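[1] let me see the structure of the following:
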Amino acid sequence: MVEQQEASGDAVMTRIGQAIMLLHGGDREEARNRFGALWSELGADGDALHRCTLAHYMADTQDDPGDELAWDLRALTAAEGLRAAEGAGGAEAGGAGKGTGASDGPGGAEGADGGPVAEHPDIPAVRAFYPSLHLNLAADYLKLQRPESARIHLQRARAAAESLADDGYGGGVRAAIDRLELRMREQ
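    Sure thing, here's the model as predicted:
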């Protein structure tokens, strides 16, 4: 039964990945259609990592900035839902600041007996999403001429980016944060 559930999870991520490839290939409409169908299948109680990933990319298929914001907020809500569920199980999954996604460090959370609590397997993936989630929200709010909300999410993106590795992904997210910050200063 566990193997079937794991295969099912992989199948969903594969389908999300296929829609992402369509999006990056320039077929926004087909990507939007596939993301929409998947979102309907997942439902409100679907796997948080799936909902977070799907909503994060669904936002990029939107033509209207308000719709883009709504999808980016769904992605953040899914990520925070996973953190909250993990916290309710005894582990503070996101770490320090509210909404930052910062890690508690290598020691992790402690259970009631002082011993380590196992981290949900999706927490590292969701934690890596936080800088990008907040960056996208900052950009959305800037498009909607809400600079104060944009600044808040840009600060959260920068704080969350501290936990990213110094690799291509981390460097790319940090560079995008810097570009948006420069754009905001110029306005």
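[2] residue 176: neighbouring residues, count only.
    Neighbour count for residue 176, taken as other Cβ atoms under 10 Å: 18. No exception for glycine: its C-beta is placed from N, CA and C like everyone else's.
[3] kindly report the same for the one 3 residues further on.
    Other residues lying near residue 179 total 12 when counted by other Cβ under 10 Å.
[4] in terms of pLDDT, where does it sit?
    Per-residue confidence at residue 179 stands at 98 (pLDDT).
[5] how far does the helix or strand that contains it sit from the chain's center?
    Applying DSSP states H and E as the criterion places residue 179 in helix 168-186. Averaging C-alpha positions (Cα atoms, centre = their mean, to the nearest Å) puts helix 168-186 17 Å from its chain's average.
[6] could you do stretch 180-187 as well?
    Distance of stretch 180-187 from the chain centroid (Cα atoms, centre = their mean) equals 23 Å.
[7] same deal with stretch 27-38?
    Using Cα atoms, centre = their mean, the distance between the centre of stretch 27-38 and that of its chain works out at 19 Å.
[8] send me it as CSV with only the CA atoms.
    Listed next in CSV are the C-alpha coordinates belonging to stretch 27-38 (Å, rounded to 0.1, in the frame of the first residue of the first chain):
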residue,chain,number,x,y,z
ASP,A,27,2.3,27.1,-24.0
ARG,A,28,0.7,29.0,-21.1
GLU,A,29,-2.8,28.2,-22.0
GLU,A,30,-2.3,24.4,-22.0
ALA,A,31,-0.2,24.6,-18.9
ARG,A,32,-3.0,26.6,-17.2
ASN,A,33,-5.5,23.9,-18.3
ARG,A,34,-3.5,21.1,-17.0
PHE,A,35,-2.7,22.8,-13.7
GLY,A,36,-6.4,23.6,-13.3
ALA,A,37,-7.4,19.9,-13.9
LEU,A,38,-4.7,18.8,-11.4
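[9] now do the contacts for the residue positioned nearest the centre of the chain.
    Closest to where the C-alpha atoms of the chain average out (Cα atoms, centre = their mean) is residue 129, at 3.9 Å. Each residue near residue 129 by Cβ atoms under 8 Å, 6 or more residues apart in numbering is listed here: 52-53, 56, 75, 79, 101.
[10] cool, residue 76 as well?
    By Cβ under 8 Å, 6+ apart, residue 76 lies in contact with 52, 99, 133-134, 137.
[11] and it, helix, strand or coil?
    For residue 76, the assignment made with DSSP: H, G, I helix; E, B strand; the rest coil gives helix.
[12] just the pLDDT at it, thanks.
    Reported pLDDT for residue 76: 96.
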